[in-house]
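> structure for the following, please:
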Amino acid sequence: MQELYNWLVDYGWVLWLVLFLGFAAIETLTLDLFFAMLSAGALAAMLAAVLSAPLFLQVVVFCVVALLMIVLVRPAALKHLKTGSKEQRSNVERLIGDTAVTLEPVGSRTGTVKLAGDTWTARTGDGSLLPAGEQVAVTRIEGATAVVEPLHSTGGVPADEQNDGGPAGLR
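As a prediction, this is how the structure comes out:
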């Protein structure tokens, strides 16, 4: 056990380097900025080890820096990442707010739209029925389905008038 302690005292920076690289690698898989903060703590502890700080101080430096990064830096960084401009958004987030064209009638459960050059399954968020050929706005993406609403408030047919074209009381 004494040999392990002596090795850690002499080559502790190697342990911190391995932790730094390991946390950084895990962060590339999770993209949650949690392991990046731990990685920063390991980097600070490695610096302490290179400066010949005792092992207990290296551990304290790791804990303090990682905790401060998680509590202070991570929330601000996540907020910045999630509220970026449309040009900064990626994948399906970029499609929210775009205009699409209905290829077939779109209702509360079924329909398709042409969105960004691709055909998407679609549905309306309010349950109205939108006819084919109408331009719609994408309000959100749920899995592989675009939730849309008419660009003009008069575009959709209320849910109680679907299927028969008349008011609900005349059925």
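
> what ranges does the chain have for its helices?
2-30, 34-50, 55-68, 74-82 (DSSP state H).

> which one, of those helices, ends up nearest to Gly133?
helix 74-82 (35.1 Å; C-beta to C-beta). In short, each C-beta sits where N, CA and C put it, glycine included.

> show me which residues of that closest one are buried.
For helix 74-82, the buried set under the neighbour-count rule, 16 or more other C-beta atoms under 10 Å, comprises Arg74.

> and that helix, what does it pack onto?
Applying 3 or more C-beta pairs under 8 Å, 6 or more residues apart in numbering; DSSP states H and E, one finds that helix 74-82 contacts no other helix or strand.

> again, only this time at 10 Å
helix 34-50 (3 or more C-beta pairs under 10 Å, 6 or more residues apart in numbering; DSSP states H and E).

> just the CA trace of the helix it packs on, in PDB.
This file holds the C-alpha atoms of helix 34-50, laid out as PDB (Å, rounded to 0.1, in the frame of the first residue of the first chain):
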ATOM      1  CA  PHE A  34     -21.400  17.700 -16.800                       C
ATOM      2  CA  PHE A  35     -18.300  15.600 -17.600                       C
ATOM      3  CA  ALA A  36     -16.600  18.700 -19.100                       C
ATOM      4  CA  MET A  37     -16.900  20.300 -15.700                       C
ATOM      5  CA  LEU A  38     -15.300  17.200 -14.100                       C
ATOM      6  CA  SER A  39     -12.700  17.300 -16.700                       C
ATOM      7  CA  ALA A  40     -11.800  20.900 -15.800                       C
ATOM      8  CA  GLY A  41     -11.500  19.800 -12.200                       C
ATOM      9  CA  ALA A  42      -9.100  17.000 -13.100                       C
ATOM     10  CA  LEU A  43      -7.100  19.400 -15.200                       C
ATOM     11  CA  ALA A  44      -6.800  21.800 -12.200                       C
ATOM     12  CA  ALA A  45      -5.700  18.800 -10.000                       C
ATOM     13  CA  MET A  46      -3.200  17.800 -12.600                       C
ATOM     14  CA  LEU A  47      -1.700  21.300 -12.400                       C
ATOM     15  CA  ALA A  48      -1.600  21.000  -8.600                       C
ATOM     16  CA  ALA A  49       0.200  17.700  -9.000                       C
ATOM     17  CA  VAL A  50       2.800  19.200 -11.400                       C
END
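
> can you say which of the helices of the chain is packed in most?
helix 34-50 (a mean of 21; mean count of other C-beta atoms under 10 Å).
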